[in-house]
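In: model the following, please.
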Amino acid sequence: MSNQDWTYITVGTAAGLSLIAWIALVLVPAWTSYSRVWERLAAALLSVYVLAAFVGGGAALGAVFLWYFGEL
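Out: Now for the predicted structure:
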């Protein structure tokens, strides 16, 4: 396997684990907190904003790491 293949495997695994964590820790509690369908859908939609914030924070942290990688 090439280094690029290992990179794809690592990124895919991290994305999969992050998605599973979001579903288990954010989406399921948001869904089960309400009884009406429209409330559940609204909570699920709002939890996507939480996912986007996590993705943005991770991307920013990764960008900072890559920016200073040569100095480490």
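
In: buried residues, the longest helix belonging to the chain. List them.
Out: Secondary structure of the chain per DSSP state H: the longest helix is helix 37-67. Using 16 or more other C-beta atoms under 10 Å as the test for burial, helix 37-67 gives 43, 47. Yep, even glycine has a C-beta here, placed from its N, CA and C like the rest.

In: packing partners of that helix?
Out: helix 3-22, helix 28-32 (3 or more C-beta pairs under 8 Å, 6 or more residues apart in numbering; DSSP states H and E).

In: could you give the angle of it to helix 3-22?
Out: 140 degrees (axes from the mean of the first three to the mean of the last three C-alpha atoms, to 10 degrees).

In: what's the average pLDDT for helix 37-67?
Out: Per-region confidence: helix 37-67 scores 93 on mean pLDDT.

In: adjust the sequence numbering to begin at 52 for everything that follows.
Out: I'll keep to 52 as the first residue from here, and by that count the last item is helix 88-118.

In: return the distance of that helix from the chain's centre.
Out: 6 Å (C-alpha atoms, centre = their mean, to the nearest Å).

In: do stretch 77-95 as well
Out: Using C-alpha atoms, centre = their mean, the offset of stretch 77-95 from its chain centre is 19 Å.

In: with just CA atoms, put it into CSV.
Out: This file holds the C-alpha atoms of stretch 77-95, laid out as CSV (Å, rounded to 0.1, in the frame of the first residue of the first chain):
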residue,chain,number,x,y,z
VAL,A,77,-25.9,14.3,19.7
LEU,A,78,-28.5,13.0,17.2
VAL,A,79,-30.1,10.2,19.2
PRO,A,80,-30.5,12.2,22.4
ALA,A,81,-31.9,15.1,20.4
TRP,A,82,-34.3,12.7,18.6
THR,A,83,-35.5,11.0,21.8
SER,A,84,-36.0,14.2,23.8
TYR,A,85,-39.2,15.0,21.9
SER,A,86,-42.4,13.1,21.2
ARG,A,87,-43.9,14.9,18.2
VAL,A,88,-42.4,14.2,14.8
TRP,A,89,-42.0,17.9,13.8
GLU,A,90,-40.1,18.5,17.0
ARG,A,91,-37.9,15.5,16.4
LEU,A,92,-37.1,16.7,12.9
ALA,A,93,-36.3,20.2,14.1
ALA,A,94,-34.0,18.8,16.7
ALA,A,95,-32.3,16.6,14.2
